[in-house]
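> fold the following.
(one chain, ligands or ions: 1)
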Amino acid sequence: MINLTDEKMDKTTKKKKKTAECCGYPISIFFIVVNEFCERFSYYGMRAVLVLYFRYFLLWDDDLATSIYHAFVALCYLTPILGAIIADSWLGKFKTIIYLSIVYAIGQVTMAISTIHDITDANRDGTPDNFTFHIALSMLGLILIALGTGGIKPCVAAFGGDQFQEHQSRQLNTFFSVFYLCINAGSLLSTLITPVLRAQECGIHTQQQCYPLAFGVPAVLMVISLVVFIAGSGMYVKTDPEGNIMWSVCKCIGFAIKNRFRHRSSSYPKREHWMDWANEKYDKLLIAQIKMVLKVLFLYIPLPMFWTLFDQKGSRWTLQATTMSGDFGAFILQPDQMQTVNPILILTLVPIMDRLIFPLIQKCGLNFSPLKRMTVGMLFAAMAFVSAALVQIEIDKTLPNFPSSSESQLKVVNTYSTTLNVTISPNEHLLIESFGSSADYVTFDHQDITVSLNTNPVITKAFSLIKGGRQTLIIPSDPTVMYLKEDVKSKPREGKNAIRFVNGYTADLNITNLDSIEPSATTNYTLVNQGKRDFVLRHGEQWCEFSRKFGFGASYTFLIPSTVFSDDCESITEVEDMKPNSVHMALQIPQYFLITTGEVMFSVTGLQFSYSQAPKNMKSVLQAGWLCTNAVGNIIVLIVAELGKLPKQWAEYLLFASLLVAVSIIFSIMAYFYTYIDPAEIEAQVRKEQGLEPEEMEKETLEMEEKDEDQKNEQGVKQTKI
Ligand SMILES: CC(C)[C@H](NC(=O)[C@H](C)N)C(=O)O
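Below is the predicted model:
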């Protein structure tokens, strides 16, 4: 009798090595989910402050910052293909995760170093002197991060799946749900923490926003993630790569196409599947495996549309939030913090769906198959965009009437000592009291105007307005020098408030955080956050302090009279150029709820589906294909953003919703014709057809492996456990 070790016994019966278990789950998955939590913390934490780093550290404009950001995200979801090829064809998942995690951690550290302004701030003025150095270093860091995060992404999920035995399909599904919860717990915590770290001040020579800390903590988390993964090393089931599988797949597909073309005449009998044209040269098993993968990849074609909508949470929806009020009474929510609603909802919805909704649907006798779930998920995402459109319509009702590209708008502010009758040619007459303003903007469809004041003598002056712009005509204490000042013509970014001051005092004034302002001059806009803000006005020894409470997204011009110090700042007048946001951010919760429900149905299910429908040697490849749908979705967002939007934002939301409904109908038809498979069963069947009975297969495998092992032992090569 042959004395088989446990390991060989497992191999002969074609079962995986059994690992230590706790409550029916392999203990090894504990290390994998903790690793995923830390990695996602690292990734989302870095992503949360990335655009701000581009915008305010590298001083890029909004467009460049957003484009590079989306390009980086797209790259992160394209590199999984590379990771999958390395894992399935060369290194195996375990080694791929370790090596690429090292690349990832180096990338995060490089990124953190690139944000230390003191490195190039020789003149110690608080800004880097050599931007090229910081840009080059951060781009290198981002490329390494994209390679690392994308490369390990398909491997970690598939490696987790590999830890389960064939009879543990229920536990496998729970694993994917827990895995998804860890992704979102990491994302939630880091999105809350890193912006707070960024807001701290730090530095060697000068104190600046603490980007090194905001990027440094994710770097530390990535190192922890790697250490945790290595710690579980002894417990994992590690499947060896099966040679250069991708190359074999490509050659086999190429041969099938060529062979089909060669036999295109109708005299040749048709074959069941076009891949069967590879039968002459390639192993039936490989052909069967390729058919399985192609079937699933074909099904993926419509999926990017879901991600196109999903990924607009971070862009369009956040911009929408900047036109809303985030005052929740007990706390204030900033527009970008609204995004944390998504992971919070995931953490509550995944258990509810898994434990309650899906079992309930099953109890009702309904067959809620994975592909049906994914279709319903898409419809939920479409509904989320309908909800976003309805919210947008409400917001539009409260937004100022901004000028079109051919119009110009003008407001008049009077800091002259008496009420003035202002005539703007040809027929606008405004009566404006001293230290007051016209009620609202007057819209002109021409640019050249003449303004007359009823002073004695009458003052008349010609002006040319900016096309598509908003301006204020400032009438100072000496009206002969009246002048135009450009106003904001969109809601201030990030829900902030744009404020400026007109100096009606007779001498220069200093105002907190602003340059000194000359008499009759107007400052440029300064952005201030929501809440109570104090300003101190100074001239020599004289000073006074005034406070204002700001809402979200307003714009004000403060008129400072000559009596400002004698009445302790009481007489400063506030002109409201743009009303604060009045639609509450809570109205975005339904759209977040709908998109997150869609995500649970679509994304968690898609992750499980991609694993279960892949042949053993192509699991990572199919995970990578799944992640690629996300990359394509992001690229579509980029293209749409570049092409510009529809004139009305709500119409764009409805357009996206309709597109996704159309795509989900196409997907449901494709899904209807899809038959679920058990890849292991198909592989066994093909082997049988090839004339290998199960016992023979086992014998053959055992013999081959023993031979292999003997050879390796002879060479003194240490065996990897499988
Ligand atoms: C990109 C995936 C859908 C996934 N993201 C999420 O779960 C978000 C945070 N809800 C990921 O793997 O990061």
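
> give me the residue from the stretch 151-300 of the chain nearest the ligand.
S187 (4.0 Å; CB to the nearest ligand atom). Glycine gets a C-beta too; all of them are placed from N, C-alpha and C.

> wait, that residue touches M46, no?
No. Between S187 and M46 there is no contact under CB atoms under 8 Å: 11.4 Å.

> give me the secondary structure label for the residue of the stretch 151-300 of the chain closest to the ligand.
helix (DSSP: H, G, I helix; E, B strand; the rest coil).

> cool, V412 as well?
V412 is classified as strand under three-state DSSP.

> could we number from 34 for the rest of this?
Shifting the count to begin at 34 puts that one at V445.

> what is the neighbour count of it?
Each residue near V445 was counted by other CB atoms under 10 Å, and the total is 23.

> check contacts around it.
Counting by CB atoms under 8 Å, 6 or more residues apart in numbering, V445 touches 455, 463, 465, 470-471, 505-506, 508.

> apply 7 Å and report the result again.
455, 463, 465, 470-471, 506, 508 (CB atoms under 7 Å, 6 or more residues apart in numbering).

> likewise for G249?
With CB under 7 Å, 6+ apart, G249 has these contacts: A145.

> where's it, which helix or strand?
Here G249, judged by DSSP states H and E, is contained in helix 244-264.

> same question for the helix or strand just after that helix, mean pLDDT?
Per DSSP H and E, the first helix or strand lying C-terminal to helix 244-264 is helix 278-295. Mean pLDDT, helix 278-295: 89.

> what parts of the chain come near the ligand?
Contacts of the chain with the ligand, taken as CB under 6 Å from any ligand atom, map to 73, 216-217, 220, 375-376, 379, 632, 636, 663.

> which one's more surrounded, S220 and M79?
Neighbour count, other CB under 10 Å: between S220 and M79, M79 has more, with 28 against 24.

> which element, helix or strand, includes the more buried one?
M79 belongs to helix 61-85, assigned by DSSP H and E.

> if I look at A107, how far off is I668?
According to CB to CB, to the nearest Å, A107 and I668 sit 5 Å apart.

> looking at those two, which is more packed in?
A107 (23 against 19).

> residues in contact with that one?
A107 neighbours (CB under 7 Å, 6+ apart): 664, 667-668, 671.

> mind checking the SS state of it?
helix.

> quick check: chain neighbours aside, which residue is closest to it?
In this structure, A107 finds its nearest non-sequential neighbour in N667, 4.2 Å apart by CB to CB, 6 or more residues apart in numbering.

> quick one: the host helix or strand of the one you found to helix 278-295, angle?
Element membership for N667, per DSSP H and E: helix 652-676. When axes from the mean of the first three to the mean of the last three CA atoms, to 10 degrees is applied, the directions of helix 652-676 and helix 278-295 differ by 80 degrees.

> give me the residues contacting helix 652-676.
100, 103-104, 106-107, 110-111, 113-114, 116-117, 120-121, 126, 186-188, 190-191, 194, 326, 329-330, 333, 336-337, 339-341, 343-345, 348, 639-640, 643-644, 647.

> buried members of those residues into ChimeraX, please.
To isolate the buried members of the contacts of helix 652-676 in ChimeraX, using 16 or more other CB atoms under 10 Å:
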select :103,106,107,110,111,113,114,116,117,120,121,126,186,187,188,190,191,194,326,329,330,333,336,337,339,340,341,343,344,345,348,639,640,643,644,647
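
> out of the contacts of helix 652-676, which sit inside helices?
100, 103-104, 106-107, 110-111, 113-114, 116-117, 126, 186-188, 190-191, 194, 326, 329-330, 333, 337, 339-341, 343, 639-640, 643-644 (DSSP state H).

> so where's this protein shaky on pLDDT?
34-51, 674-675, 677-678, 725-755 (pLDDT under 70).

> let's see it at 50
34-48, 728-755 (pLDDT under 50).

> picking that back up, out of the residues of the chain next to the ligand, which sit inside helices?
73, 216-217, 220, 375-376, 379, 632, 663.

> which one is Y516 nearest to, not counting chain neighbours?
I507 (5.7 Å).

> next up, the contacts around the closest residue to the ligand within the stretch 434-583 of the chain.
Taking CB to the nearest ligand atom, the ligand has its nearest neighbour within the stretch 434-583 of the chain at E527, 21.3 Å off. Counting by CB under 7 Å, 6+ apart, E527 touches 355, 367-368.

> related to what we said a few turns ago, run the chain-centre distance for the helix holding N667.
Taking CA atoms, centre = their mean, to the nearest Å, one finds the center of helix 652-676 at 12 Å from the center of the full chain.

> same check on stretch 410-427?
Remark: stretch 410-427 is offset 18 Å from the chain centroid, using CA atoms, centre = their mean.

> give the buried residues for it.
410-425.

> now swap in stretch 504-515 and tell me
504-510, 512, 515.

> check stretch 226-234 too.
Here stretch 226-234 shows 226-228, 230-231 as buried, counting by 16+ other CB under 10 Å.

> ok, now stretch 535-547?
535-538, 542, 544, 547.

> rebuild the buried residues of stretch 226-234 as TSV, extending it with distance to R566.
Shown next, in TSV, are these (distance: CB to CB, whole Å):
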residue	distance to R566
I226	26
T227	26
P228	20
L230	24
R231	21
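
> identify the residues contacting stretch 538-555?
507, 509-511, 514, 518, 533-536, 556, 559, 568-572, 593, 595, 597.

> among those residues, which are in helices?
Going by DSSP H, the helices hold none of these.

> where does the stretch 384-533 of the chain get nearest to the ligand, which residue?
Taking CB to the nearest ligand atom, the stretch 384-533 of the chain has G410 as its residue nearest the ligand, at 11.3 Å.

> mind listing what that residue touches?
Counting by CB under 7 Å, 6+ apart, the residues that G410 touches are 631-632, 634-635.

> again with N487
Contacts of N487 (CB under 7 Å, 6+ apart): 453-454.

> rewinding a little: scan the contacts of E527 and report the most crowded one.
Most surrounded of these: other CB under 10 Å gives P368, at 24 neighbours.

> now the helix holding G249: buried residues?
244-259, 261-262.

> do you have the helices of the stretch 334-483 of the chain handy? List them.
Using DSSP state H, counting those that start in this stretch, the helices assigned to the stretch 334-483 of the chain run over residues 337-343, 349-354, 374-385, 391-396, 403-431.

> any idea which of the ones you listed gets closest to V696?
V696 lies closest to helix 337-343 among those, at 4.3 Å (CB to CB).

> can you tell me the residue of the stretch 634-755 of the chain closest to the ligand?
For the stretch 634-755 of the chain, CB to the nearest ligand atom, closest residue to the ligand: S636, 4.6 Å.

> circling back to that earlier point, what angle separates the helix holding N667 from helix 638-645?
Using the same axes, to 10 degrees: helix 652-676 against helix 638-645 is 140 degrees.

> flag every buried residue along helix 652-676.
652-671, 673-674.

> so what's Y315 up against?
285, 288.

> SS state for it?
coil.

> strands along the stretch 534-683 of the chain, start to end?
Secondary structure of the stretch 534-683 of the chain, counting by DSSP state E, counting those that start in this stretch: strands at 543-544, 559-561, 564-572, 575-583, 588-593, 606-611.

> tell me which of the ones you listed sits most buried.
Mean neighbours per residue, mean count of other CB atoms under 10 Å, is largest over those for strand 588-593, with a mean of 22.

> what does that one contact?
Residues contacting strand 588-593 (CB under 7 Å, 6+ apart): 446, 448, 468, 505, 521, 525, 530-538, 542, 570, 605-611.

> partner strands of that strand, parallel or antiparallel?
strand 530-536 (parallel), strand 606-611 (antiparallel) (DSSP bridges).

> so how far is it off the chain centroid?
The mean C-alpha position of strand 588-593 is separated from the chain mean by 37 Å, CA atoms, centre = their mean.

> could you do stretch 388-406 as well?
30 Å.

> stretch 191-207 too?
With CA atoms, centre = their mean, you get 29 Å for stretch 191-207.
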